[in-house]
Each structure stands twice: as C-alpha cells, then as structure tokens.
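# quick one, fold the following:
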Amino acid sequence: MQQRSQPMSLHPPIALSAQAAARLATERRQLVASLERELASLRAVVDARRGARWPAPGRLGVWQEAAAVRLTALLGWPLVGGAPARVKPRWRHFCRDDQGEICLVRFGVTGHYAAFALLFLPEPGRIAPLVIAQHGGLGLVEIISGLGCTSGNYNDMVTRLRQRGCAVLVPQLPMWSNNAKPPCVLEKLDPRLQLLGGSSPALQTLTLRRALDATLALPELRNAPVGLAGLSYGGCYGLYVAALDPRIQALLTSCFFNDRHAYPVAPSFADGAAREFLDAELGALVCPRPLWIEVADQDELFSPVGARKEAAKLRRLYRAAGQSAQFRFTVFPGTHEFNRSDAGLDFLVRALVPKD
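From the prediction side, this is the model:
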C-alpha cells in the first residue's frame with residue numbers, strides 16, 4: 001500500500017521549548033477543568049428544576065396529562081408536524097411453524113416513510129394478549145425472532161412469549177448495524193433528524209404506534225391487551241411509547257434504563273427534552289401501569305449503579321400511588337442481554353391476562 005505523502009509546510013516550525021509546551025498542556029487541563037465545573041453548575045440548576053417538577057403524591061394524573069403534552073412537543077418531528085401516512089397497512093402471509101402463522105405487514109408512518117413488522121399469531125381460536133417484542137440498535141426482526149439464525153443476546157425472547165400464548169408483534173425500526181443492506185445506523189440517522197427539528201425518540205415512537213394501529217385493526221386482536229418487552233434501544237423506545245400511549249398496559253425494559261448523565265447516549269433523548277425528562281420521568285408517565293425494569297450486573301455498556309438510583313425514585317412513586325406490586329426493578333446476573341430468567345416475562349404476561 002502506497003504511503004500518503006505529507007503536505008509540505010510553507011514555513012519551518014517555530015521552536016518550542018519544553019517549558020512552553022508544558023505551559024500549553026497546563027492551559028488545556030485548566031480549560032477542561034473549568035468546563036467541567038461550568039457543566040456541573042448548570043446540571044445542578046437543571047436537576048433542581050426537574051426535581052421540583054416531580055409529581056407530588058395525589059397529583060400524578062394531573063402531572064401526567066401536562067407532561068405528556070410537553071414531552072410530545074419537545075420530541076418534535078414526526079410526533080409534531082408529521083405528514084399523514086401515504087401508505088395504508090397491507091398484510092401478507094409470511095410463513096408458519098408449529099406454533100402458528102407468521103404474517104408480515106407494511107404500514108405507513110408519516111408521509112412517504114413506511115415500515116414493516118412481523119406478527120406471530122397463536123393457533124386460531126385462542127384469546128391472546130399482544131406483546132410488542134422490540135429489538136435494539138443492532139437488531140433485525142430475524143435475529144430477535146430466531147428466524148433462520150439464533151436469537152443472540154435476545155435469548156429467545158419471541159419464542160418464550162409465544163410459548164406463553166401471546167401474539168407477538170416484532171416491528172423493524174430504522175436502526176441496524178448488521179450486515180443487512182442498505183445500512184441504517186442510528187447514530188448516523190439521529191443528527192439528520194435533529195437538523196430537521198426531529199428526534200430519534202419521536203420517529204421510533206411514531207413507528208411503534210403505527211405498527212400497533214395496524215395490528216389492533218385486525219379482528220382477532222381488536223380487543224387484545226397490549227404489552228411491550230424491549231432490549232437495549234428497544235427498551236429505551238419502549239419506555240417512550242408506554243409513556244405516551246396508554247394502550248401499552250404493561251412494560252418490560254431491559255438493559256437501558258439508567259442515569260442519563262452517566263450515559264448521555266444521544267439517540268435516546270431529544271435536544272431540550274432531557275432538561276425535563278430523563279429515564280425516571282418517562283417511568284413516571286407509565287405509573288401506575290405494571291413496569292418491570294431490569295439491568296445486568298456485568299453489562300459491558302451500562303453499569304447498574306445509575307439505574308439503581310433512578311429506579312429508587314420510581315419505587316417511591318409507585319408506593320405513594322398505592323401500587324408497589326406493579327413496579328419491579330432487578331439486577332440480574334448477565335451481560336448486555338435479555339434476562340434468561342422467566343420472572344420478567346411472567347410479570348408482563350400476568351399483567352395482560354384478564355383476571356377471572
């Protein structure tokens with residue numbers, strides 16, 4: 001391989017003594033230190049304001065009504081100002097296996113943008129809850145479903161839900177970094193959305209809503225109770241959908257919920273929205289609906305330390321609402337993966353199965 005030649009300088013470098021070089025290094029350290037102090041000062045102000053808006057006992061419903069409107073406005077396009085979808089839902093048979101039929105639906109989201117999802121139906125005649133199984137940032141519907149490949153770190157999430165008698169909806173969100181072509185990398189898409197006044201949470205939330213609209217229009221699922229289970233970014237966007245859409249009656253979010261200041265993952269929040277809504281505030285919009293939050297003790301991406309702190313706020317809120325049993329937070333032994341234990345899925349499905 002030919003080595004690239006370095007551009008020729010028009011002038012020789014200016015001699016720099018060791019003392020002068022050390023002085024510049026000291027100035028850079030002071031620059032960073034002063035910037036960190038300023039950011040910490042600003043964060044203290046923002047955190048205090050956010051904390052002052054935390055819902056007071058007895059006023060949760062009033063807070064939620066105003067907060068949902070405010071959050072929607074802050075998330076931006078396409079939740080705000082999105083064009084009517086040009087593509088109508090179109091269902092097709094995809095394949096079937098020994099557990100039932102698998103359908104594919106293509107549905108409009110906004111304007112020209114259309115997405116697709118797989119729907120795993122139980123055998124006819126069974127009254128089933130509907131669970132959205134949401135992949136993460138590297139995910140494809142094939143992987144999370146175990147179609148033609150192993151399910152990887154999803155640990156057979158879809159299969160385990162089907163074994164519990166659920167209909168399972170698996171939307172393909174516009175984010176994958178696998179070998180699938182064309183690539184759709186979330187970290188590259190997110191700044192393009194921000195340039196146009198939008199955000200990843202807004203786009204993903206509306207995509208999931210439209211997938212649910214198309215599915216609940218089916219006669220066999222029209223009255224189905226709806227839950228959602230998501231891993232990583234799937235758990236992140238699942239939290240937004242549940243916060244803004246009361247049709248999500250129960251939520252399981254895995255390996256994402258955390259202290260967002262410790263993990264400021266840009267596609268997980270919108271510019272401006274994070275000053276008012278971080279993960280705990282999104283969870284407060286779900287309360288008192290059943291909410292299971294799980295994180296892994298050996299997660300290579302996110303430490304459970306911040307998640308414990310944020311979850312404690314929600315535990316107190318659920319307790320104040322008299323719904324302690326509807327909230328669970330667990331740190332399970334594992335890495336960045338969907339929990340192999342059945343406790344979370346059992347919690348989710350029990351919340352959706354009608355009581356006798």
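
# which residues in the stretch 151-300 of the chain form helices?
157-163, 186-195, 200-216, 233-244, 279-286 (DSSP state H, counting those that start in this stretch).

# quick one: which of the ones you listed is nearest Val349?
helix 157-163 (7.6 Å; C-beta to C-beta). C-beta: built from backbone N, CA, C; applies to glycine.

# so what secondary structure elements neighbour the longest helix anywhere in the chain?
Identified as the longest helix of the chain according to DSSP state H is helix 18-52. Of the remaining helices and strands, none touches helix 18-52 by 3 or more C-beta pairs under 8 Å, 6 or more residues apart in numbering; DSSP states H and E.

# so that helix versus helix 279-286, what angle?
20 degrees (axes from the mean of the first three to the mean of the last three C-alpha atoms, to 10 degrees).

# buried set for helix 18-52?
Residues of helix 18-52 classed as buried: Arg50 (neighbour count, 16 or more other C-beta atoms under 10 Å).

# on that earlier part again, looking at the helices of the stretch 151-300 of the chain, which is buried most?
helix 233-244 (a mean of 27; mean count of other C-beta atoms under 10 Å).

# what mean pLDDT does that one get?
What helix 233-244 shows for mean pLDDT is 98.

# what does stretch 334-352 give?
For stretch 334-352, the mean pLDDT works out to 98.

# also stretch 263-275?
91.

# using CSV, write out the CA atom coordinates for that stretch.
Provided in CSV are the C-alpha atoms of stretch 263-275 (Å, rounded to 0.1, in the frame of the first residue of the first chain):
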residue,chain,number,x,y,z
TYR,A,263,-24.6,7.6,29.8
PRO,A,264,-25.6,10.5,27.5
VAL,A,265,-26.5,8.4,24.5
ALA,A,266,-27.6,11.0,22.0
PRO,A,267,-30.3,8.9,20.2
SER,A,268,-32.0,8.2,23.5
PHE,A,269,-33.3,11.8,24.0
ALA,A,270,-34.2,14.9,22.1
ASP,A,271,-32.4,18.2,22.2
GLY,A,272,-34.1,20.1,25.1
ALA,A,273,-36.3,17.3,26.3
ALA,A,274,-33.6,15.9,28.6
ARG,A,275,-33.7,19.0,30.7
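
# next structured bit after the longest helix of the chain?
As assigned by DSSP states H and E, the chain's next helix or strand after helix 18-52 is helix 60-75.

# so what's Pro84 up against?
When contacts are counted by C-beta atoms under 8 Å, 6 or more residues apart in numbering, Pro84 touches 110-111.

# is it true that Cys236 touches Phe256?
Yes. Look at Cys236 against Phe256 with C-beta atoms under 8 Å: they come within range, at 4.5 Å.

# overlap in contacts, these two.
230, 268.

# could you show me where the strands are in the stretch 201-350 of the chain, in order?
Listed in chain order, the strands of the stretch 201-350 of the chain (DSSP state E, counting those that start in this stretch) span 226-231, 248-254, 291-296, 327-332.

# kindly provide the whole-number mean pLDDT of the third one.
Confidence over strand 291-296, taken as the mean pLDDT, stands at 98.

# show me how far it is from its chain's centre.
Strand 291-296 has its C-alpha centroid displaced from the chain centroid by 13 Å (C-alpha atoms, centre = their mean, to the nearest Å).
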